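[1] Build the 3D model from these lines:
(chains A and B)
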Amino acid sequence: MSIDKDRAGPEMQDELERKITHALRDQPLRRAPSTLERRVLAQVEAGAAVAHWRRGFAHWPIAARVAFLAASVGVVKVALSIVMWLSMPLDSRASAFDLPSQVAWLQTLFVAIGSIARTVPSWWVHAGIAVLAIMYVALFGIGASAYRTMRVAH
Amino acid sequence: MRAYQDMVFTTAARLIGDDRQAEDIAQEVFLKAYENFDQLRTSSSAGGWLKTVSRNLSLNHIFRYRRRWRMFSEMRREDSEEDEPEVEFAVPDDVIAGVDAGVRHGLVEDALQHLPERQRLPLVLYHFEELSYEEIAERLGVSLAKVKTDIFRARAALAKLLAQRGVTAATSLGAP
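    Predicted coordinates:
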């Protein structure tokens, strides 16, 4: 039968702490495996050989980071313009954008997409978004579990 | 790196209780040190930084592993009293006294690795990492009372393990 901490009494606890402290005192460091240094150096060399764009954003050169941010702002602006254009009434679009003839098919495409989008019932859109969200979460969960499992196995 | 690799590896090995995983953690610690090399090169507290990172990465590793297997093993073990040690007294003045120092050190490390994780963690944090009970409770996310109980049980279990391992060569703990 084990003796519970509360039943052991303070003297017994103090005595046990003193003995264990004595046993653990001056316990030397363990020697690291001889492979550790080699593994670290190999990882450092492998990391140095990786292109900057494959590392984290914080490791990118300043110029690359600025260019990426500028490009991101541009993409967002274009996306917003497209959304605004699609939300306009059909008859006012022609005056809003005067596209060159080479890309006039784009205008036709967007008009067609906009027309279809307006005919789709709203609950379809909501249900589609919900299904996409569930699939994304499921994919994320499966991916994370697989990554961790394989990482531990490795 | 050579000056600190034993310290980093030992910290991880004692907390995790597995040499192979401890080596992985040690490698991760030194890669982080490499990323912060400019700061650490001139710092007088590089050793403390490495020890703290080693401790934190080890605990993170343990918590990640524990979450994964909690449903299968930890819950069963939490309720189990089968492996709770008996605390037998009187304890001799020197645990496994008379054993050669090198052998004794090996016995202690071996006994530490055989402690259940819930006992080994608070014991190592208290005796080797020199954290207070309150700091351990906060770091492990458990109550202060549980930390005290687990450390008490860990000491008792360690004493019993040491006595079992040193019984042929030394005065045994709890022997009549």
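[2] Please tell me how far the residue of chain B positioned farthest from its centre sits from A:R65.
    The C-alpha centroid of chain B is most remote from B:D38, which lies 31.2 Å away (Cα atoms, centre = their mean). Using Cβ to Cβ, to the nearest Å, B:D38 is found at 19 Å from A:R65. In short, each C-beta sits where N, CA and C put it, glycine included.
[3] element containing B:A12, please.
    For B:A12, the host element (DSSP states H and E) is helix B:5-16.
[4] Show me what that helix is packed up against.
    Using 3 or more Cβ pairs under 8 Å, 6 or more residues apart in numbering or on different chains; DSSP states H and E, the elements in contact with helix B:5-16 are helix A:35-49, helix B:19-35, helix B:46-69, helix B:101-113, helix B:117-127.
[5] May I have the residues that are in contact with the residue farthest from the centre of chain B?
    Not one residue lies near B:D38 by Cβ atoms under 8 Å, 6 or more residues apart in numbering or on different chains.
[6] which of the helices and strands packed on helix B:5-16 is buried the deepest?
    helix B:117-127 (a mean of 23; mean count of other Cβ atoms under 10 Å in any protein chain shown).
[7] after it, next one along is what?
    Sequence-wise, the next helix or strand downstream of helix B:117-127 (DSSP H and E) is helix B:133-140.
[8] Let me know the angle separating the next helix or strand after that next one from helix B:101-113.
    Once helix B:133-140 ends, the next helix or strand along the chain (criterion: DSSP H and E) is helix B:144-166. With axes from the mean of the first three to the mean of the last three Cα atoms, to 10 degrees as the basis, helix B:144-166 and helix B:101-113 are set at 130 degrees to each other.
[9] Mind listing what's buried along helix B:144-166?
    Across helix B:144-166, burial judged by 16 or more other Cβ atoms under 10 Å in any protein chain shown covers B:147-166.
[10] sec struct for the residue farthest from the centre of chain B, please.
    helix (DSSP: H, G, I helix; E, B strand; the rest coil).
[11] One more: the one 5 residues further on?
    The three-state assignment at B:S43 reads coil, by three-state DSSP.
[12] Quick one: residues contacting the closest residue to it other than its chain neighbours.
    Closest residue to B:S43 apart from its sequence neighbours, by Cβ to Cβ, 6 or more residues apart in numbering or on different chains: B:W49 at 6.9 Å. Residues counted as contacts of B:W49 (Cβ under 8 Å, 6+ apart) are B:A33, B:N36, B:L40, B:S43.
[13] Give me the buried subset of the residues you listed.
    The neighbour-count test (16+ other Cβ under 10 Å) marks B:A33, B:L40 as buried among the contacts of B:W49.
[14] With pLDDT and distance to A:G74 added, can I get the contacts of B:W49 in TSV?
    Converted to TSV, these look like this (pLDDT from 0 to 100; distance: Cβ to Cβ, whole Å):
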residue	pLDDT	distance to A:G74
B:A33	90	39
B:N36	84	35
B:L40	79	40
B:S43	76	42
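[15] Let me know the closest of the contacts of B:W49 to chain A.
    Taking Cβ to the nearest Cβ as the measure, chain A lies nearest B:A33 of the contacts of B:W49, at 9.1 Å.
[16] wait, isn't the closest one in contact with B:L40?
    Yes. Using Cβ atoms under 8 Å, B:A33 makes contact with B:L40 at a distance of 5.9 Å.
[17] Find residues that contact each of the two.
    B:A46, B:W49.
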